[in-house]
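Trainee: Fold the following.
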Amino acid sequence: MKKNLLLFIVMFIMASASYAQWTHFNTYFPWSLFAVDFVDDQLGYAVGEQGSVLKTTDGAISWEVVKSVPGVWFTSVYAYNSNIVAAVGSYGSIYITLDGGATWLDRSIPFAPSGYYNHFRDVTYDPYIDRYIVIGYAGAYYEVHTTLPYTMRTDIPWTMHSIALDYGYNDPLSSGYGKAYIAATDGRLYRTTNHGTSWLFVNIQMSMGIYDYLNSVVSFRENRAVIVGNNGRIIRTKNGGLSWTDISHGITSQHLRAVDAAPSGAPPYTLVAVGDNGVMLKSLNGGQVWSNETSGTTNHLYGVSLPTTDYGYAIGEVGNGTYATSLFTDNLSATSISGNSEIVPDAFKLSQNYPNPFNPVTKINFGLPSSEFVKLTVFDITGRVVDVLVNQSLDAGSYEFTFDATNLTSGMYFYRLDAGAFSETKKMMLIK
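Mentor: You can find the predicted model right below:
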C-alpha cells in the first residue's frame with residue numbers, strides 16, 4: 001500500500017486580521033514521520049519511517065535526509081542545539097550526531113536482558129548527569145553517553161511514552177530544580193524530585209479514574225507541566241507533579257499524540273497539542289483553557305514543535321500546500337480566552353462586556369472561586385444560540401474572553417455564564 005506523505009503545518013498570523021491560520025505544504029518525503037524538534041525558527045529535525053532523519057535550515061521550506069536506517073522507525077528526536085541531535089526508535093535504535101547530521105554515532109541497544117527487542121518511544125538530554133535519557137516499551141529506560149557504557153534503569157516496569165524535565169530542572173535557585181515527569185501507559189505517570197535518582201508513582205488511576213494512554217508531556221514553567229493522551233485527555237500540574245487536574249472534558253474525544261510549549265518561561269504560556277484526525281488545540285495560559293484550531297486536514301498529526309514564541313510546526317500524514325511564517329500573540333485567535341489562576345475571586349462574577357456598544361470585537365470577563373465546568377453562550381434577541389464561546393472545565397481564577405462578532409448583524413445580544421450552580425446573563429449591543 002502506498003505510504004502517506006508528510007504533512008507539515010505552520011501557524012501564521014495575518015497582520016491585518018485577528019485570526020490564526022495553519023497552512024501546510026508537501027515535503028516530498030514518501031513515508032510517515034512521527035516527531036519533530038526545532039532549535040530555532042529556521043533549523044529543525046524530523047524523524048520517522050525507514051530510520052529517516054530530515055533536516056531543514058530554512059524554516060521548513062526545504063528538507064534533506066541526513067540519516068537513513070532501513071527497517072527502523074524513529075519515533076522521537078531531540079535537538080540539543082544545531083549540531084547535537086539524538087534520534088531513537090524501534091529495535092533499540094539510538095543514533096547521535098555531534099556535527100549537525102554529517103556523521104552519526106550508533107549507540108543502539110537492540111536487546112533487553114529478557115532477550116526481547118527494545119523499542120524506544122522518547123529521548124531527552126539530562127545535563128545534570130550528561131546523559132541522554134531514553135525510554136520506551138516494557139520498562140525500557142537507559143542513560144546513554146556518546147562514548148561511555150550505558151546504564152540500564154529498572155525503576156518503572158511499564159511502557160513509558162514521554163519524558164520532560166521541569167523548566168527549572170537544572171537551576172539550583174529554581175523550585176523546579178531536579179524535577180521531571182514521565183507519562184506512561186494506562187494512566188500511569190511518574191515524577192522525580194532528585195534528578196531521576198528515584199521516581200515516584202502518582203496514582204491518578206485511583207485518585208482521578210484515569211486509565212488512558214498518556215502520550216506526551218511538556219513543562220513550560222517551574223513546577224508546571226501538561227500531559228496529553230488518548231480520548232482527548234489533558235491534565236496539568238501546578239506543584240511539580242504532586243497533584244494533577246483533569247481539564248479535558250468537552251474539548252475533544254480524539255487521541256492527542258503530542259504537546260509542546262513555547263520556551264519563554266513567562267506569560268503568555270503558549271501550548272499547542274495535536275492528534276488524530278487533524279485535531280489541533282491551542283492554549284494561551286499554560287493549559288488552563290484550550291481552543292480548537294483549524295488544521296486544514298483530517299489526517300493524523302503526530303508531532304509538534306514550538307521553538308520560539310513566533311513559530312510553530314506540526315507533522316502528520318499526507319500533505320501538500322504552501323508555507324507561511326507565524327506569530328504567537330495574545331491575539332492568536334479572534335475568539336480566544338486567557339486566564340490567571342493566581343487571581344481567585346471570592347464569588348462567581350460575570351462582568352459587563354467592554355467596550356459596549358462594540359464593533360466588532362469586545363471582551364467578556366468572568367471569575368470563578370472554584371474549579372467548575374463552564375459554559376459561556378451568546379444568544380440573539382429571539383433566544384437563539386448564535387455562539388458557544390466556552391464549554392469546558394476551568395480552574396478557579398479570573399478569565400477574559402475576546403469575542404469577535406464579525407459574522408453577526410447589528411443588534412442586541414445576550415451572553416450567559418453557567419458555572420456549576422451559578423448562572424447569570426447580561427446584554428450587549430453590536431453596532432456596525
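Trainee: Next, name the residue at the spatial heart of this protein.
Mentor: Centroid check for the chain by Cα atoms, centre = their mean gives residue 259 as the closest residue, at 1.8 Å.
Trainee: before we move on, which element is that one in?
Mentor: strand 256-261 (DSSP states H and E).
Trainee: what residues does that strand touch?
Mentor: Residues from elsewhere that reach strand 256-261 (Cβ atoms under 8 Å, 6 or more residues apart in numbering): 35, 215-220, 226-230, 232-234, 269-276, 279, 281, 286, 300-306, 312. Every residue, glycine included, has its C-beta placed from N, CA and C.
Trainee: my guess is residue 46 meets residue 303, correct?
Mentor: Yes - using Cβ atoms under 8 Å, residue 46 is in contact with residue 303, at 7.4 Å.
Trainee: Identify the contacts common to the two.
Mentor: Residues touching both residue 46 and residue 303 (Cβ under 8 Å, 6+ apart) are 33, 35, 36, 315.
Trainee: quick revisit: send me the strand holding residue 259 as CSV with only the CA atoms.
Mentor: The C-alpha coordinates for strand 256-261 follow below in CSV (Å, rounded to 0.1, in the frame of the first residue of the first chain):
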residue,chain,number,x,y,z
LEU,A,256,-3.9,13.5,21.4
ARG,A,257,-0.4,12.5,20.3
ALA,A,258,1.9,15.4,21.2
VAL,A,259,2.1,18.7,23.0
ASP,A,260,4.8,21.4,23.1
ALA,A,261,5.2,24.8,24.7
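Trainee: Run the chain-centre distance for that strand.
Mentor: On the basis of Cα atoms, centre = their mean, to the nearest Å, strand 256-261 sits 3 Å off its chain's mean C-alpha point.
Trainee: Show me how the chain divides into domains.
Mentor: 6-331, 339-430 (automatic domain parsing).
Trainee: what would those look like in a markdown table with mean pLDDT?
Mentor: Output for the domains of the chain, formatted as a markdown table (pLDDT from 0 to 100):
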| stretch | mean pLDDT |
| --- | --- |
| domain 6-331 | 87 |
| domain 339-430 | 90 |
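Trainee: was I right about residue 70 contacting residue 49?
Mentor: No - counting by Cβ under 8 Å, residue 70 stays clear of residue 49, with 9.6 Å between them.
Trainee: who has more neighbours, those two?
Mentor: residue 49 (21 against 8; other Cβ atoms under 10 Å).
Trainee: Now do the same contact list for that one.
Mentor: Residues in contact with residue 49 (Cβ under 8 Å, 6+ apart) are 3, 31, 32, 33, 73.
Trainee: quick one: which of those residues sit in strands?
Mentor: Of the contacts of residue 49, the ones assigned to strands by DSSP state E are residue 33.
Trainee: Which among the contacts of residue 49 count as buried?
Mentor: 32, 33, 73 (16 or more other Cβ atoms under 10 Å).
Trainee: Is the second one bridged to anything, and to what?
Mentor: Per DSSP bridges, residues listed as beta-bridge partners of residue 33: residue 48.
Trainee: need the contact list for it.
Mentor: Contact analysis of residue 33 by Cβ under 8 Å, 6+ apart lists 6, 46, 47, 48, 49, 52, 54, 302, 303, 315.
Trainee: gap between it and residue 407?
Mentor: 36 Å (Cβ to Cβ, to the nearest Å).
Trainee: next one: the last one
Mentor: Counting by Cβ to Cβ, the gap from residue 73 to residue 407 is 44 Å.
Trainee: just the first one next, same as before
Mentor: Distance, residue 32 to residue 407, using Cβ to Cβ: 37 Å.
Trainee: And residue 393, by the same measure?
Mentor: When distance is defined by Cβ to Cβ, residue 393 is 27 Å away from residue 407.
Trainee: ok, now residue 395?
Mentor: Distance of residue 395 to residue 407, given as Cβ to Cβ: 30 Å.
Trainee: Same question for residue 133.
Mentor: Taking Cβ to Cβ as the measure, residue 133 falls 48 Å from residue 407.
Trainee: just to revisit the earlier point, neighbour count: residue 46 and residue 303, which is higher?
Mentor: The residue with more neighbours, out of residue 46 and residue 303, is residue 46; 29 against 25, by other Cβ under 10 Å.
Trainee: Which residues outside the host helix or strand of that one are in contact with it?
Mentor: Residue 46 belongs to strand 44-48 when assigned by DSSP H and E. With contact meaning Cβ under 8 Å, 6+ apart, strand 44-48 is reached by 6, 8, 29, 31-38, 53-56, 60, 63, 73-77, 79, 85, 87, 89, 101, 303, 305, 307, 313, 315.
Trainee: What number of residues are in the vicinity of the closest residue to residue 244 other than its chain neighbours?
Mentor: Spatial nearest neighbour of residue 244, excluding adjacent residues (Cβ to Cβ, 6 or more residues apart in numbering): residue 235 at 4.6 Å. Each residue near residue 235 was counted by other Cβ under 10 Å, and the total is 24.
Trainee: before we move on, what about residue 383?
Mentor: Close neighbours of residue 383, defined as other Cβ under 10 Å, add up to 7.
Trainee: any idea how far residue 356 is from it?
Mentor: In this view, residue 383 and residue 356 are 20 Å apart by Cβ to Cβ.
Trainee: Quick check: residue 222 touching residue 170?
Mentor: No - here residue 222 does not reach residue 170: they are 11.1 Å apart, not a contact under Cβ under 8 Å.
Trainee: higher neighbour count, these two?
Mentor: residue 222 (19 against 15).
Trainee: Now do the same contact list for the more buried one.
Mentor: 166, 167, 168, 171, 174, 175, 176.
Trainee: How about residue 102: what's its closest non-neighbour residue?
Mentor: In space, and not counting its chain neighbours, residue 102 is closest to residue 66: 7.6 Å by Cβ to Cβ, 6+ apart.
Trainee: That should have said residue 141, apologies.
Mentor: Of all residues not flanking residue 141 in the chain, residue 153 sits nearest, at 4.2 Å (Cβ to Cβ, 6+ apart).
Trainee: now, the most widely separated pair of the contacts of residue 49?
Mentor: Distances among the contacts of residue 49 were taken as Cβ to Cβ; the most separated pair is 3 and 73, at 12.0 Å.
Trainee: Helices along the stretch 301-432 of the chain, start to end?
Mentor: Applying DSSP state H, counting those that start in this stretch to the stretch 301-432 of the chain gives no helices.
Trainee: er, the stretch 151-300 of the chain I mean
Mentor: 204-208.
Trainee: give the contact list for residue 418.
Mentor: Contact partners of residue 418, counting by Cβ under 8 Å, 6+ apart, are 374, 375, 376, 377.
Trainee: If anything else comes up later, I'll come back, but that's it for now.
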